[in-house]
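> Just need the structure, nothing else, for what follows:
(2 chains)
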Amino acid sequence: MINLEIPKKFKPLATQANQVATEVFRPISRKYDEAEHTYPKELDMLASLIDGMNEGSDIGGAGAAGVRRESKGGEEGNRNGSNLSTVLGIIELCWGDVGLLLSMPRQGLGNSAIASVASDEQLERYGGKWAAMAITEPEAGSDSAAIRATAELDGDEYVLNGEKIFVTSGDRADLIVVWASLDRDKGRAAIKSFIVERDNPGLKLDRLEHKLGIRASDTANFTLQDCRVPKEALLGSPEIDTKAGFGGAMQTFDNTRPLVAAMAVGVTRASLEETRKRLEEAGVEIDYDAPALSQSAAAARYLEMEADYEAAHLLTLQAAWMADNGKPNSLQASMAKAKAGRTCVDVALGCVELCGSLGYGENELLEKWARDAKILDIFEGTQQIQLLIVARQLLGKSSSELR
Amino acid sequence: MPTATQGKGVAERSMGLGLRWLNRLAGSDLLDRIRIRKQVERALFNGTKNGFRTATAAGRTFKAAQTLGKPARQATGKSRNLFDLSPDDEQQMLQEGVRDFAEAKVRPVAAQADAERKAPAELLVQANELGINMLGVPEELGGVMHEQAAVTSVLIGEALAHGDMGIAYVALAPGAVATAIAHWGTPEQEATYLPSFTGEDTPAAALALLEPRPLFDPLKPETKARREGEDWVLDGVKSLVARPGECELFVVGAEAEGLGTALFVIEAGASGLSVEDEPAMGLRAAATGRLVLEGVRVPATALMSEGKREAYVECVQRARVAWCSLAVGTAQAVLDYVKDYVNERTAFGEPISNRQGVAFAVSDVAIESDGMRLATYRAASRADQGQDFGREAALARRLCSQKGMKIGSDGVQLLGGHGYVKEHPVERWYRDLRAAGVMEGALLV
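Just a heads-up that it's a prediction; the model follows:
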């Protein structure tokens, strides 16, 4: 039975997340935007709280580990599970502050990767730790198949060498999930991910980046120099299966793209809500029943932005719902990420323009959200990469045909 | 008193004769031989423009069957617990039936119907047999749906428009009148009019809200209804009505003296009611025309919902959702068509779909059409559950107007010059998709 409203059973979770966003994130939002690279210590207590929420809940929580796909186990009918609840939690938290969400202990992208592909033994061993993700290299961004970092088996250990940049929470996390190639001649099939402990002596922090936005979140660059990890640190299968190709590594992305889309949806809603309040103070009412174009230009622009928000929101919920129901959602995940990413940037910047100097100035958060927004159309696959993925699927193209 | 069928026959014959005559004249070699085509065409154009008006069809006599004490209404659906994008079994069956029909029967005749400005009569009868015009009618009055059927209507509109938007419009237009009466009619109106929509010989009918002027706001119609004794007298012009000359029944929106915006039921043949042809850029299979009201006198019983504003507003909102469903189906048709085309068309030695400039445009069509679809589903689903859906309807309309038009434009662009000529349907979809942001009223979910 078609229904696109948030299920009642998730309302308490969304309310809780919204309270955290309102009471914890928003009050310190500006502080850590200014104090870049300072660890937001307020988050430690919160992280424990969220761990507790996840433990005590049978529906999954707002955490990064919520993306683990469980088989439906013969269960009949429609399911609203952890993918959906995670997306809902993230929307609320990012309505508060996306930089702080990215800084939440134990909620890193690496945690999602581990949750997606780790064996039960690995889950046991690495569970409860904070995991960052290291994919990008100076010469390999969107083109992750061009990764140069190598992993060589030496006895019971892999030896990792290479350079990694743009590692979110790289300085603060306990673990770094590093992507490296087992055999650079075998292309993308040989790329595997390895769990590296942050205090591994072979992992050297080069520097932390200064950024346009999400400044509460640290972004680290590393060098891996003869970095030794046990054989068991490899996530997924060690086989180089050229037929399955990139599947293993990319599976994580099908699960995490809706999460990043959710971040974008949260920031978009924050900008819209604040702008609507300001417009109403200025005497501009938004009327849903009157035609948009017979209202003021500001109201018409607002409606246009809100319509894009609605589409982005629903595409994101769709991708998560499909994951919960065991439907392949690679296409929908990329569609959601593409739509939410570009909507977020358009809307946040549009809101600054509508609110004028009030939007542009640092007294309010609108300008910060407009800076934060831009990363959401870049990381976890840029807009262009999403369009490429969508096009390849729609048109039945291989990556060599449609490059 | 003529029987219903006789009356309809006469009306059809006279309209048909007029059209046949015009058609024959236009197609005749004679005009070219004696080189007067331009002049004749101009004369025809002016003749049409300056009131080539015909009376509305003298339709069947509607007579109240058994009047219920209070209006029969479909129940509001139970509030649903889970997020769900799967139609239920019944909806799936209907959806598949209409999809097959659209593919097998509608699409093949779409180009011709567009060119001739007429949907094949038999096709409309067949479409009606699918039950698409009685979704809004409560079971007590011979309908099939116990609960409100906005989502079902959206699924059907989408499926039918995948075949052709103009044909979908003319096929679904009578259902809008049935739904309007079922939702906002008095017991007497329900008893009088609804039975004719549940049988086989469904009357052509139209819900007329739109008026011909820039920045038209359906909540501020210029059509006025003033009181004269017990009666209402209406004056105004309604625009882009589906085949108004054949309609036997109208529901018209007007600013009612002392009440505000309200809906009135008006039978064809009422004195002062006439139709003018109004061909448009698209929706041509619907043979759009204007409905002109000049001192049309109707009894007090013609007023619906006691003139309550909420009813009128809801009518506007439901119509917007319905037009969205047609835009979604048409956008999907564009996507399906261009996907194949760009894969088959080669340039510079390879399929043009190997180029990002082409491929990304296809991605955008897919992304935006899916967004349109979900927003439309949400509005409809809220309506069925008895929740406010004005916001959702407005946002879906923004998307369907703006993104839908972009999709129509990209559909032509991706085929280049081939998209501009009538050999391919994309130019028709381009013209049709503009309607989603223009139309008000006319269809309902």
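
> The residue of chain A found nearest chain B - how many residues pack around it?
The nearest approach of chain A to chain B comes at A:Ala311, 2.9 Å away (CB to the nearest CB). C-beta: built from backbone N, CA, C; applies to glycine. Counted with other CB atoms under 10 Å in any protein chain shown, the neighbours of A:Ala311 add up to 28.

> In chain B, which residue sits closest to chain A?
B:Gly371 (2.9 Å).

> Who are the contact partners of the closest residue to that residue other than its chain neighbours?
Closest residue to B:Gly371 apart from its sequence neighbours, by CB to CB, 6 or more residues apart in numbering or on different chains: A:Ala311 at 2.9 Å. Each residue near A:Ala311 by CB atoms under 8 Å, 6 or more residues apart in numbering or on different chains is listed here: A:339, A:343, B:368, B:371-372, B:374-375, B:399, B:403.

> Which of the helices or strands spans A:Ala311?
helix A:297-324 (DSSP states H and E).

> just checking, what packs against whichever helix or strand comes after that helix?
Where DSSP H and E defines the elements, the next helix or strand beyond helix A:297-324 is helix A:330-355. Counting contacts by 3 or more CB pairs under 8 Å, 6 or more residues apart in numbering or on different chains; DSSP states H and E, helix A:330-355 packs against helix A:247-281, helix A:297-324, helix A:357-360, helix A:366-376, helix A:383-395, helix B:356-384.

> CSV for those, including mean pLDDT and distance to A:Val167?
CSV is the format used below for the helices and strands packed on helix A:330-355 (pLDDT from 0 to 100; distance: least, CB to CB, whole Å):
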stretch, mean pLDDT, distance to A:Val167
helix A:247-281, 89, 15
helix A:297-324, 97, 25
helix A:357-360, 98, 31
helix A:366-376, 98, 14
helix A:383-395, 97, 19
helix B:356-384, 98, 29
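
> returning to what we had before: what's the burial count for the residue of chain B closest to chain A?
For B:Gly371, using other CB under 10 Å, the count is 28.

> So which of the contacts of A:Ala311 is the closest to B:Glu350?
Nearest to B:Glu350 among the contacts of A:Ala311, counting by CB to CB, is B:Glu368 at 26.6 Å.

> Contact partners for the nearest residue to the closest one once chain neighbours are set aside?
Distance criterion CB to CB, 6+ apart; nearest residue to B:Glu368, sequence neighbours excluded, is B:Lys403 at 3.9 Å. Contact analysis of B:Lys403 by CB under 8 Å, 6+ apart lists A:311, B:331, B:368-369, B:371-372.

> Show me what whatever helix or strand B:Gly97 lives in is packed against.
When elements are assigned from DSSP H and E, B:Gly97 belongs to helix B:89-101. Secondary-structure packing of helix B:89-101 (3+ CB pairs under 8 Å, 6+ apart): helix B:150-163.

> just the CA coordinates of the helix it packs on, formatted as CSV?
Output of helix B:150-163 as CSV, limited to C-alpha atoms (Å, rounded to 0.1, in the frame of the first residue of the first chain):
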residue,chain,number,x,y,z
ALA,B,150,-6.3,9.0,-5.3
VAL,B,151,-3.2,6.8,-5.5
THR,B,152,-5.1,4.4,-7.8
SER,B,153,-6.1,7.3,-10.0
VAL,B,154,-2.5,8.5,-10.1
LEU,B,155,-1.2,5.1,-11.2
ILE,B,156,-3.8,4.9,-13.9
GLY,B,157,-3.2,8.4,-15.1
GLU,B,158,0.5,7.7,-15.3
ALA,B,159,0.0,4.4,-17.2
LEU,B,160,-2.4,6.0,-19.7
ALA,B,161,-0.3,9.0,-20.3
HIS,B,162,2.6,6.8,-21.1
GLY,B,163,0.5,6.0,-24.2
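
> In chain B, spot the helix with the most residues.
Counting by DSSP state H, the longest helix found in chain B is helix B:309-344.

> what is the rounded mean pLDDT of the helix or strand following it?
The first helix or strand that comes after helix B:309-344 along the chain, using DSSP H and E, is strand B:346-347. Strand B:346-347 comes out with an average pLDDT of 96.

> so how far is strand B:346-347 off the chain centroid?
Distance, stretch centre to chain centre, for strand B:346-347: 39 Å (CA atoms, centre = their mean, to the nearest Å).

> partners of that strand, with directions?
Looking at strand B:346-347 with DSSP bridges, its partner strands are strand B:350-351 (antiparallel).

> what does the strand it pairs with contact?
A:401, B:342-345.

> and stretch A:292-304, anywhere near chain B?
Yes - judged by CB under 8 Å from any CB of the partner chain, stretch A:292-304 comes into contact with chain B through A:292-294, A:303-304.

> Derive a ChimeraX selection command for the buried subset of these.
Here is the ChimeraX command that selects the buried residues among the residues of stretch A:292-304 next to chain B (16 or more other CB atoms under 10 Å in any protein chain shown):
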select /A:292,303,304
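
> From the residues of stretch A:292-304 next to chain B, pick the one nearest B:Asp217.
After measuring the residues of stretch A:292-304 next to chain B against B:Asp217 - CB to CB - the closest member comes out as A:Ser294, at 5.3 Å.

> Closest to the centroid, which residue in the chain?
If you meant another chain, say so; for now it's chain A. Nearest residue to the geometric centre of chain A (CA atoms, centre = their mean): A:Val260, 3.2 Å.

> other chain: chain B
B:Tyr169 (3.4 Å).

> Without its sequence neighbours, what residue ends up closest to that residue?
Counting by CB to CB, 6+ apart, the nearest residue to B:Tyr169 once its immediate chain neighbours are dropped is B:Ala286, at 4.4 Å.

> was I right about that neighbour contacting B:Ala173?
Yes - using CB atoms under 8 Å, B:Ala286 is in contact with B:Ala173, at 7.2 Å.
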